[in-house]
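1. attaching a predicted model along with its sequence, questions to come.
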Amino acid sequence: MGRIHRLPVDLANQIAAGEVVERPASVIKELVENSIDAGARRVAIAVELGGKKLIRVEDDGEGMEPEDARLAVERHATSKIRRAEDLDGIATLGFRGEALPSIASVSHFVLRTRARGAASGTEVRINGGALAAVTEVGMPEGTAIDVADLFYNLPARRKFLKSDGAESAQVSRVVTQLALCYPEVGFTLTSAGRKVLQCPPVTSLRDRLYQLYGERDDLIEVRRDGGIAVVGYVAALAPRLGSGQAEQGPTRGPQNVFVNRRIVKDRTIAHAIIDAYSVASIKERSPEVHLFISMPHTAVDVNVHPTKAEVRFRDQSHVHEVIRRALGDALGRGPAPELQLQAPAAFAPSPTTLPLPTSYGATFPSRWAGGAGGAGEAGKAGGAGRPEGIVGADFSRPGSIVGADFSRPEGSRLEGERRESPPTIKPMMALGQFRDTFIVAVDEEGIAIIDQHVAHERVLFERITERLTQGRLESQRLLVPLLVEMSPAGRQALASHGADLERLGFEFDDFGGDTVRVAAFPAILGREACEAAVRALAEDLEGLDRGARVEEAIKKIAATMACHAAVKANYPLTPEKMAHILEELRATAYSTICPHGRPVMLRLTRREVEKNFQRI
C-alpha cells in the first residue's frame, strides 16, 4: 500500500485556513474587505470575547442571489477574476475565493445575504466546514456574516490566541486601518456591547483622520501626484510640545501604509520612510505615518502572500525613491513647534501646556542687538576673544568654511548646494540674544526663539553632506601632529571607517599603544576642537553595527562634525552674525531640527500673544 494519500476535504480546508485565518482580526479583515468589494457604504462589526466567541459583520452592499450564496462558501469560487490574465491587474481586495470557506471550516458559520431588489434573502449555515442548512430568510438588502466559536474544532490553534483584551486590541487596529483607508464608508465597531468606534461616512481623509485620532497638529500633509501618487499625513520632524516640556521628536507611532487602498507591510516602503527621516536627523525613529500610495494595478503584484499583506513592485527602486522624496519634501515644510503662554489664573480659562521659563528671575542677562554688551559670563568675555571650547565659529575670519562667510552676498549658497523643497521659514529680523545662547527674532507670524548652536549645526550638517556628494571636504595639515589617547574600541572604530573619515579631511594612524596620531583635520574645525571631535567620532562610530551602510556612517560623522564646528552657547554674536545665521537657516532643507533631533526654534504666534492680551 502506498504512503501518499489524499487529505479529506475538511482537513485540507482547515490547513488552508491556517494560512488565511490567523486570529479574529484576520477574519474581520477578510469579511470587511468583501463588504467593500460589494460596494458597501456602511459596515457594522461586533465582537464578543475579542472575537473568540462571536464575530458579526453586516453591510449594506449589493448582496448575493441564492445560487451565488451557495457558491461563495466553496473553495476557489469568486466573482473577482475569471482568467489567468486578470492576475496581472487585480483591482479588488479579494480575488482567491479562499476566505469564506477557510473561515467556515474552523467555526460555526452563518451567511445571510439579500441581493438588491430581491424579495427575500438566503441563509447558509456551516459547522466546521460541513454544510448544515440553506434556507430562505427575510432581511435587509446586503450581507451579514456570523462567525462563532472560532477554532472550536482546532483546540491547538485556539490555545495560541491571546487574551480577550489583546485580541480586541488587534480587532480595533484592523478596523481603524480599514476605516482610515475608506473614508466614504461608515464604520461601527462594538465590543462586548460597548461601542468602540463609530465613524459616519465623510468626504476626505482629513475628516476621517480627525474621527479616528482627533485634532493632530503634529502631523504634516504629504502630497505627490504622478504615475505613483503619494498622499497622507506623517509625523513632523520638530518635537511636540506638551506637559511643559518638549518631546524629542517622533520616535514611535502607528504606521499605516496602503497600496491601491490595500493594507500592506512592505520593506521597500518601510525603508523609504526611515530614509526620508534620516536625511534630516541621525536619530533613530519609527515615526507615525498614514500613507496612501496609488499606482497602476499592473505595476504591483498582490498575489504573493496568503493573507495579501505583502506586495511586490515591478520597479522597486523607483517606488522607494518616489516615497522618499515625497516624505522629504513634506518634512522640509514642517512647522516649528509653538509655545503657549500661561496667563494669570484670574484671566486664564484653563491651564495651557507650556509656561515660559521663569528660572532666570526678573532680570534678563542677555545681550540685545545694539546694546552695550551682555551681563552674563559670556558677555563679560565679549571682547577678549572666543571663550574656551568655542570651535569652528570664528566669525572674524572672512571666507571661513564654517558657514560664517560674510564676504559672500547675503543669502547666497555655495556651488552645488541644492534643496528638495522651498524655504520653510520666512525672513526673520533678529532682535538680539538671550543669555548669549538664543537668538530672539520676529517675522510676520510672530516671535521666534532660535538656539544659535543648533541652528548653526543644522546649516553645517547640510553643507557638509552636500559637499561630500561632490567628493571630500577641504583638509588642513598640522605642522606638529596631534596625539590623542583612546580606548582600543575607539581606535578600532576609527580604523574601520578610515575611508569615510578621509573624505571628511582626517588623516590619522596608530602611533603605538593607545595613541592615535592625527596628521590632518577638516578645515571646518579649529585645532582646539580637533581632539574633542576625534573622540566624539570614535564614540559615535563605535555604536554602529559592523554591517552598517556607508551612508549611515557618513551621516553620523557629518552630524558630529557639524556639532563641534557650530557656534556654541554662551557666545556673544553681533547683529550681523545673527542675521547671517538666520538667513543661512532659511536656505536649509530641514530647518526645524538639528541632525541629532533637537528643536532649532520655538515659536510664539501672533494669535497666542493677542489671545493672552485679550485682543481676540
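-> Yes, it's here.

2. residue boundaries of the helices in the stretch 501-616 of the chain?
-> Under the criterion DSSP state H, counting those that start in this stretch, helices of the stretch 501-616 of the chain are mapped to 527-542, 550-565, 575-586, 606-612.

3. any chance of those helices in CSV, plus mean neighbour count, mean pLDDT and distance to Asp37?
-> Backbone N, C-alpha and C define where each C-beta goes, glycine included. Output for the helices of the stretch 501-616 of the chain, formatted as CSV (neighbours: other CB atoms under 10 Å; pLDDT from 0 to 100; distance: least, CB to CB, whole Å):
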stretch, mean neighbour count, mean pLDDT, distance to Asp37
helix 527-542, 19, 78, 51
helix 550-565, 22, 78, 42
helix 575-586, 20, 92, 49
helix 606-612, 15, 86, 46
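
4. which stretch among those comes nearest Glu462?
-> helix 550-565 (8.5 Å; CB to CB).

5. and the contacts of the closest one?
-> 278, 282, 391-393, 402, 457-458, 460-461, 464-465, 468, 497, 500-501, 503-504, 522, 524-525, 529, 532-533, 536-537, 540-541, 544, 594-596 (CB atoms under 8 Å, 6 or more residues apart in numbering).

6. quick one: buried ones out of those?
-> Taking 16 or more other CB atoms under 10 Å as the criterion, what is buried in the contacts of helix 550-565 is 278, 282, 391-393, 402, 457-458, 460-461, 464-465, 468, 497, 500-501, 503-504, 522, 524-525, 529, 532-533, 536-537, 540-541, 594-596.

7. how many residues are close by Leu100?
-> 25 (other CB atoms under 10 Å).

8. an error on my part: the question was meant for Gly471.
-> Count around Gly471 with other CB under 10 Å applied: 8.

9. tell me the secondary structure for it?
-> Using DSSP: H, G, I helix; E, B strand; the rest coil, the structure places Gly471 in coil.

10. can you pull the contacts of it?
-> Arg503.

11. what about it, distance to Ile282?
-> 22 Å (CB to CB, to the nearest Å).

12. with Asp329 instead?
-> 20 Å.

13. shaky segments in the stretch 1-150 of the chain?
-> 1, 5, 7, 9-19, 76-92, 94-97 (pLDDT under 70).

14. hey, where'd the strands end up in it?
-> 42-48, 54-59, 108-114, 121-127, 130-137, 142-148 (DSSP state E, counting those that start in this stretch).

15. with distance to Ala192 and mean neighbour count added, can I get these in a markdown table?
-> Formatted as a markdown table, the strands of the stretch 1-150 of the chain follow (distance: least, CB to CB, whole Å; neighbours: other CB atoms under 10 Å):
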| stretch | distance to Ala192 | mean neighbour count |
| --- | --- | --- |
| strand 42-48 | 6 | 22 |
| strand 54-59 | 10 | 22 |
| strand 108-114 | 19 | 23 |
| strand 121-127 | 24 | 21 |
| strand 130-137 | 26 | 12 |
| strand 142-148 | 15 | 22 |
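
16. between those, which one is nearest to His290?
-> strand 42-48 (19.7 Å).

17. parallel or antiparallel, which strands does that closest one pair with?
-> With DSSP bridges as the test, strand 42-48 is paired with strand 54-59 (antiparallel), strand 186-191 (parallel).

18. how about the CA coordinates for the first one, as CSV?
-> As requested, C-alpha coordinates have been extracted for strand 54-59 and formatted as CSV (Å, rounded to 0.1, in the frame of the first residue of the first chain):
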residue,chain,number,x,y,z
LEU,A,54,-18.5,35.7,18.2
ILE,A,55,-17.7,37.9,15.2
ARG,A,56,-20.5,39.6,13.3
VAL,A,57,-20.0,41.7,10.1
GLU,A,58,-23.0,43.4,8.5
ASP,A,59,-23.0,45.6,5.4
